[in-house]
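J.: sequence unknown, structure follows:
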């Protein structure tokens, strides 16, 4: 179908204006088999019990030592009226008709991130202190039409098949069989971090079918920004923010209290910030359709807040994203921003900006919540009204389609008063 797939731009200036009036949603089917097995066929099921066989093709695997497996794949296009895929082991995944572009869109979407487990030194990866499997089962029970993972699947377990199997595929199995997924890249899947090769092998989407690698001379490797239309009223844009990280000295860190205005304030990190500015130029281009709501999913929050020495400050990760966003001069499109990275549930409302919803509460040990009040003496905070709420419980966001948009609810693993109930109510009024 029509692909809205934009590799990171090079050179100066904005990308040439292109027509992105339609961004077709195709389903990419992937299975993992032990080598030297040939790629199997899967059953594509249709209404009326009609079935056809689809032979999968091999996906390149440049790291056989760490990944002694074969990944097989094939595309089911948006024009195909299939309702499910059945795999050789008996498992199946529904392909909801509600995801077709000409429909009203998904009836519900489960959204979460940061699901991995630190390791036994920081987090009990066997007991209830790592609740990803329980959360995944609960989400599967809700019957979502789509799942969005906001990144960070593996924490220190190693860039090899065993780590991915135990930390992601095994605990996520029920949810993997419940609905199609969108897999966002997190910083722990960036080149040079914990598990980039696994993410590129399993989850990177390239229309040409090739497997990207970290062998590139670009140490700040990023994958393409893309958009898919979940209906004729809703578009999802996905971008790679896995390299949005700063290492600031004490003088620069002071700027994190009030926020950073633009890329040229970041010193030696300005070059990377400008790369993200170009990505935001692309996001703005993909979000221009006034007849569609647009959701933007990326790992690092553009407007995120963390606790540091009992103060509410901007994380070093968010500092670059915020500087790039402001440099690109983006307004209120996209309509909603979804991210992880901060290990809690957080909503930020900023004057003249989209709501930022952070759902980094999918399993990794949680961060302390920042104070509700922020220091507004300097920087962007001196000029803008910020409202932030935090919920320090494991959980996920569920977006349920209503007559006039979507209703969002935070679903925590532990019961208790919803600390963000008020802001969720404000969010739901406008969406």
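T.: Nice, thanks for sending it over. Predicted, not measured: the structure shown is a model, and the values here were computed from it.
J.: Okay, helices next: where are they in this structure?
T.: Secondary structure of the chain by DSSP state H: the helices cover 132-141, 161-164, 173-176, 196-202, 250-253, 270-286, 316-328, 421-429.
J.: Of all the ones you listed, which one is nearest residue 78?
T.: Among those, the nearest to residue 78 by CB to CB is helix 270-286 (17.1 Å). No exception for glycine: its C-beta is placed from N, CA and C like everyone else's.
J.: Just send the helices of the chain back as CSV, with distance to residue 118, mean neighbour count and mean pLDDT too.
T.: Formatted as CSV, the helices of the chain follow (distance: least, CB to CB, whole Å; neighbours: other CB atoms under 10 Å; pLDDT from 0 to 100):
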stretch, distance to residue 118, mean neighbour count, mean pLDDT
helix 132-141, 12, 19, 97
helix 161-164, 13, 19, 96
helix 173-176, 21, 18, 97
helix 196-202, 17, 24, 94
helix 250-253, 24, 12, 63
helix 270-286, 26, 21, 91
helix 316-328, 18, 25, 89
helix 421-429, 29, 15, 87
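J.: which one of those helices lies closest to residue 90?
T.: helix 173-176 (12.3 Å).
J.: That closest one packs against which elements?
T.: Judged by 3 or more CB pairs under 8 Å, 6 or more residues apart in numbering; DSSP states H and E, the packing partners of helix 173-176 are helix 132-141.
J.: And the helix it packs on, what does it pack against?
T.: Identification of packing neighbours for helix 132-141 by 3+ CB pairs under 8 Å, 6+ apart yields strand 108-112, helix 173-176, strand 395-402.
J.: winner for burial among the ones you listed?
T.: Of all those, strand 108-112 has the most neighbours on average by mean count of other CB atoms under 10 Å, namely a mean of 25.
J.: ok, that strand: who's next to it in the sheet?
T.: Take DSSP bridges as the rule and strand 108-112 pairs in its sheet with strand 146-149 (parallel), strand 395-402 (antiparallel).
J.: could those strands be laid out in TSV, adding mean pLDDT?
T.: TSV is the format used below for those (pLDDT from 0 to 100):
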stretch	mean pLDDT
strand 146-149	98
strand 395-402	96
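J.: Tell me, how many residues neighbour residue 267?
T.: The local packing of residue 267 (other CB atoms under 10 Å) involves 12 other residues.
J.: ah, wrong one, I meant residue 336
T.: Neighbours of residue 336 (other CB under 10 Å): 19.
J.: So that it lines up with my notes, have the first residue be 57 from now on.
T.: Sure, I'll start counting at 57 from here, so that last one is residue 392.
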